[in-house]
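[1] sequence and predicted structure below; questions after.
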Amino acid sequence: MSSNRKHLLNSTIFAGLAAATLGAPIGAFAQDQAQDLPTATTAAPADTDVEELVVTGSRIRRNEFSSPDPVQVISAETGRLKGVADAGALLRSASVVSGSAQITTTISSAFTTDGGPGAQTVSLRGLGANRTLVLLNGRRAGPAGTRGAVSSFDLHVLPTSAIDRIDILKDGASSIYGSDAVAGVVNIITKRDTDGIELETFWSQPEKADGEEYRATATFGKTFDRGWFNISGDWYKSRALRVGKRDYLNCGEQYRTSVATGQRSDVIDPRTNSFQCRDLLYDQIWIYGYDANGDFGGRLGKLQYDYQGNLGQFIPLRPANAVPGYDDYPGSPPGYYVVAYDDPSTAVADFNSPFNLKSTFTPKVERATVFAQGGFDLTPNVEAYGEILLNRRVSKSDNYRQIWSYMYTEDGGDPFSAGFTNPNYFLSPTIATDRADSSQKVEYQRYLGGLRGDFPAAGFLDGWNWDIYGQYSRSKGEYGQDVVLADAVYSADGRSDFGSFGLFNANSIPRPTASCVGYTTPISNRPCVDVSWVTPNFLAGILTPEEEAFLFDYDVGKTIYTQAVVEGSISGDLFDLPAGPLGAAFGFQLRRDKITDTPGPIILSGNAWGTSSAGITKGKDTTKEVFGELSIPLLKGHALAESLDVSLSGRYTDVKSSGNDFTYKVGVNWQVIPMLRLRATQGTSYRAPALFELYLADQTGFPAQRAIDPCINIDQNLALGNIPQRVADNCRAEGFPGNYSGQGASATSITGGGAGVLKPETSKAFTVGAIFTPSFADLNVAVDYFEIKVNDEVTQLGASNIVFRCYNSADFPNDPLCSLFNRNQARLIDTVRDSFINIAKQTNRGIDLTINDRRDLPWNTTMIVDLQSTWQLEDKIALFEDSIADLNGFVGDPDWTGQLNVRFEKDDWTLFWGIDAVGKASDAETLDDVSTSGLHKYKVYNEFTAYHSIAVQKEWDTVRVLAGVANVFDEQPPAVSRGVGVGNEGPLGTADGQVGRAILASQYDYIGRKFYLNISKKF
């Protein structure tokens, strides 16, 4: 068995060769070790004994450079040439990934996503990370992350320095690999060919400050008579990118144009003579009161202090045409102006807090990894092998947020509202604070040990191979966050009905108060501090040390996820058929998953203001599976049938929590003539609900009406561009006035796991393709059609999404989403039901094209061209049978993406040029791109975007130096109009919103032009 290491190495090379024939990047087989092996265009002679190896997509050892399954290979070498230092970014360079929204470190830090803040996962075809199975060297890799929703492999766990290549199986494969392989399989293959010591450093420096990356790696490998061993240590650090450091991030412009002139027509802030920057309103006092008819509502304008002393140059102190008893305002101390009631006053409203400019767009990440693997021949027929992976990731984000309270005016009985008069009004001071930071520390361990070998040359099993292994992984994550203490807020603003956490009393108004000094908060047990809510400093977010210590705290939770796997398999030839041997593989897998998530004590107690309370998520599940696979040669050496093979696979899965199911897959591989091969597959897949989808502890949140109800202050929010026209129309159709205040008790949002209710997901996948490999050129062209249908998909919509998308639906009020919440007699949103549910189905279909070309040029130069493209034809999702939306072509879900890599090699020099392109997309089908006045046109689309990379590499005997530039032309992310819903259409949205004037989606670069240097040295 001393050749086993050679077998492993050759399997790595072979899979690259096979995948290139299938339509994989040429870089996968343009490696030194592969030069002497036959390729798709230089077939092995008939009498050559070609070693049988295992390729991604099958467990049967094959001796053909082909497979019925569409496989794409991403070479780590290509990623290195492009300046990619992160496994997630390497995967996002594949068109099967880049065509849909992905969870990146940036997006997971900005939104609530599976895996927790700082995590990054991969979702093939946009079907979700839970439906993409990630393997490490052909074996399941356990999940990692923080918070209760951990279920997917975190790509931070394995550094690019340890990766040789990544195989992507682009169709469903549950019958081969088990549950979760609905959209396909990502198989990360690690390096195994190091012999000696290798040191490597990487440095990436953006042209503009922030976003720098650093990496240092040391690897040692040794091959000896009876075995081999590799160990590598990797350190990586990326600096945070702050919002204020990029002009396309730091200002949320309206980005609209005049219909008459075509020129930009954004509101101009007269204080800067520039387009107004809009993000979160801050340093204002919202006003509520009774009008002359006795109706309670919110005033259109807000009180804002004149910090620069020049507001009087642009607007009056109070609206000039205010109607007494209807749209007048309370009295206030000197320096407070009413803003945001018309265009001129809105132009001077404060939207862009300095805290926003200091907040992180991309978090700081630092990780350290040790990866070891090896094998030892116990006997000539048996090898013991193992892997150890240890990883520690720390990520930090600096964020900001709003805080608000409610109080009476001074003559309404509140002594802390000095100078604010008229008892018919109530004040809601709203501030921005930078006390919203978060951090995560994830420690991941994975241990694998096994035995493999072949049976002695005797009997029925002569020539058969066997493999059995055990694997254990453990992810321990600690997550901390700044929190606002609810009992402190409610004590400080005079409310004491803590049974509902200071939500309004029966009359839905705050009650008068005196000083709270001497009072102790009931949960955080802190001496109360009189908070100066309406003073200019406090409104600006400048708090005294005593106020900060009283209102804020830091909460730390812990998540532990473990996975244990035992798997065994055998493979070989059953007997010979006229067209060749009948190959077979059989095996079993036992798997146990367990999660325990314990939120911090403040979240557990429900004392975090503006944040859902959560209980302890705890659950486990056991999966038992048996599987089999056959490779049946039907024809060989006939006219129009050089070969015709059929592959069959089946798997029986029994999940303790969800029952059992049988999945199958049928593949046809038809070599019509030497230069033309046709292939097709059809099969089913199965996914049992993840542990967090089953056992997530009930979470009860109390979102404020202002944070969840789009019908509040319709007129103002429509004028500010905060809601689309359709939302305003549907709110009015339900009878809400333009100044509806939403004043009253917060809503109750209830979410939790669906154990006992959720059904497993099932899916069907179909692919058909053609591969053209002419003998007159070193050329491979592969075209594949794919179609995947997922039934009973498990998802959670989010409380605010449920309400917003109900009112933004063309089928309002009959959209099924509208049945998931209710209003009380006061028309306030009462309860939103947001647990995990089985939605109807999701369908994704399209066409993949891959072209590989290798040509010898004059002057001993070789040109290697690799092109990948994916055309998405359909991306339909049905939350319910009668509620279907096709997201294809919407912003964040483009119908085309592609990559082109060109490499020139001459002696020890390599010149590389790469292009990553994202096609046009538009939300114009569902959004009005012209204002109701007809004067302004909104930009609800993104244009074609391409990012170029160029690099030069020189190699010596033991030294390699690479220098390059990424985003050569400093391409900025596409700009879209703010506040009209771009990127948020469809039931779940296709992009993740906006930041500054840019769309926020995983396809785009937010760092800008950067320079990178990679140096390695072998000893």
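    On my side now, so go ahead.

[2] buried set for the helix or strand where Gly477 lies?
    Element membership for Gly477, per DSSP states H and E: strand 465-484. Under the neighbour-count criterion of 16 or more other Cβ atoms under 10 Å, strand 465-484 has 465-467, 469-484 buried. Quick note: C-beta positions are derived from backbone N, CA and C, even for glycine.

[3] state the three-state secondary structure for the residue nearest to the spatial centre of the chain.
    Nearest to the geometric centre of the chain sits Ile103, at 0.9 Å (Cα atoms, centre = their mean). The local conformation at Ile103, judged by DSSP: H, G, I helix; E, B strand; the rest coil, is coil.

[4] ok, now which ones touch it?
    By Cβ atoms under 8 Å, 6 or more residues apart in numbering, the residues touching Ile103 are Thr113, Asp114, Gly115, Ala119, Gln120, Thr121, Ser123, Ala129, Ser1002.

[5] from the residues you listed, which single one is nearest Lys245?
    Ser1002 (20.1 Å; Cβ to Cβ).

[6] correct me if wrong: the closest one contacts Ser108.
    No - with contact defined as Cβ atoms under 8 Å, Ser1002 does not count as touching Ser108 (10.5 Å).

[7] higher neighbour count, these two?
    Set Ser1002 next to Ser108 and count neighbours by other Cβ atoms under 10 Å: Ser108 wins out with 26 against 20.

[8] wait, a helix at that one?
    Yes - applying three-state DSSP, one finds Ser108 inside a helix.

[9] once you drop chain neighbours, what's closest to it?
    Ala119 (4.9 Å; Cβ to Cβ, 6 or more residues apart in numbering).

[10] can you tell me the SS state at the one you found?
    Applying three-state DSSP: Ala119 is coil.

[11] can you report how many residues lie near it?
    34.

[12] tell me how far Asn838 lies from Lys364.
    Asn838 is 38 Å from Lys364, where distance means Cβ to Cβ, to the nearest Å.

[13] swap in Leu935?
    Distance of Leu935 to Lys364, given as Cβ to Cβ: 44 Å.

[14] compare neighbour counts for those two and give me the winner.
    More neighbours surround Lys364 than the other of Leu935 and Lys364, with 19 against 12 (other Cβ under 10 Å).

[15] isn't that one up against Tyr236?
    No - contact criterion Cβ under 8 Å: Lys364 and Tyr236 do not qualify, at 11.7 Å.

[16] any stretches of the stretch 851-1000 of the chain with poor pLDDT?
    882, 981-992 (pLDDT under 70).

[17] looking at this, Glu693 is in a helix?
    Yes - looking at Glu693 with three-state DSSP, it is inside a helix.

[18] which residue is the nearest non-sequential neighbour of it?
    In space, Glu693 is closest to Phe836, 4.8 Å off (Cβ to Cβ, 6+ apart).

[19] neighbours of Asn860, just the number please.
    Neighbour number of Asn860 under other Cβ under 10 Å is 9.

[20] ok so Cys818 is a helix residue?
    Yes - counting by three-state DSSP, one finds Cys818 located in a helix.

[21] pLDDT wise, what is it at?
    If you check Cys818, the pLDDT there is 91.

[22] just the element for Ala963, please.
    Assigned by DSSP H and E, Ala963 falls within strand 959-966.

[23] where along the stretch 751-900 of the chain do the strands fall?
    Ranges of strands in the stretch 751-900 of the chain, per DSSP state E, counting those that start in this stretch, are 761-772, 778-791, 794-795, 821-823, 829-833, 837-838, 841-857, 861-880, 883-886, 896-906.

[24] dump those into CSV; add mean neighbour count as well.
    Listed next are those as CSV, based on neighbours: other Cβ atoms under 10 Å:
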stretch, mean neighbour count
strand 761-772, 21
strand 778-791, 21
strand 794-795, 20
strand 821-823, 16
strand 829-833, 19
strand 837-838, 18
strand 841-857, 19
strand 861-880, 20
strand 883-886, 17
strand 896-906, 19
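
[25] among those strands, which is nearest Tyr941?
    Set against Tyr941 and scored by Cβ to Cβ, the strands of the stretch 751-900 of the chain come closest in strand 896-906, at 14.0 Å.

[26] what sits up against that closest one?
    Here strand 896-906 has contacts from 25, 27, 30, 78, 81-82, 93-95, 98-99, 857, 859-872, 910-919, 1003, using Cβ under 8 Å, 6+ apart.

[27] so who does Glu478 touch?
    Thr146, Gln440, Lys441, Val442, Val556, Gly557, Lys558, Thr559.

[28] tell me which residues in the longest strand seen in the chain are buried?
    Secondary structure of the chain per DSSP state E: the longest strand is strand 552-577. Residues of strand 552-577 classed as buried by neighbour count (16+ other Cβ under 10 Å): 552-553, 555-559, 561-565, 567-573.

[29] strand partners of it, parallel vs antiparallel please.
    Sheet pairing of strand 552-577 (DSSP bridges) gives strand 465-484 (antiparallel), strand 580-598 (antiparallel).

[30] for the longest one, what is the average pLDDT?
    Taken as a whole, strand 465-484 has an average pLDDT of 96.

[31] Pro522 touches Asp487, doesn't it?
    Yes - contact criterion Cβ under 8 Å: Pro522 and Asp487 qualify, at 5.6 Å.

[32] Tyr490 - that's part of a helix, no?
    Yes - judged by three-state DSSP, Tyr490 forms part of a helix.

[33] so how far is Asp1005 from it?
    From Tyr490 to Asp1005 the distance is 44 Å (Cβ to Cβ).

[34] who's more crowded, these two?
    More crowded of Tyr490 and Asp1005, by other Cβ under 10 Å: Tyr490, with 23 against 18.

[35] show me what stretch 450-469 is in contact with.
    With contact meaning Cβ under 8 Å, 6+ apart, stretch 450-469 is reached by 1, 4, 61, 139, 378-379, 381-386, 448-449, 470, 566-573.

[36] just the endpoints, please. Distance across stretch 111-131?
    20 Å (Cα to Cα, to the nearest Å).

[37] looking only at pLDDT, what's the mean for it?
    When pLDDT is averaged along stretch 111-131, the result is 86.

[38] so how far is it from its chain's centroid?
    Centre-to-centre, stretch 111-131 and its host chain are 4 Å apart (Cα atoms, centre = their mean, to the nearest Å).

[39] identify each buried residue in it, please.
    In stretch 111-131, counting by 16+ other Cβ under 10 Å, buried: 113-131.

[40] point out where the chain drops to low pLDDT.
    1-57, 59-67, 295, 323-327, 458, 492-514, 744, 882, 981-992.
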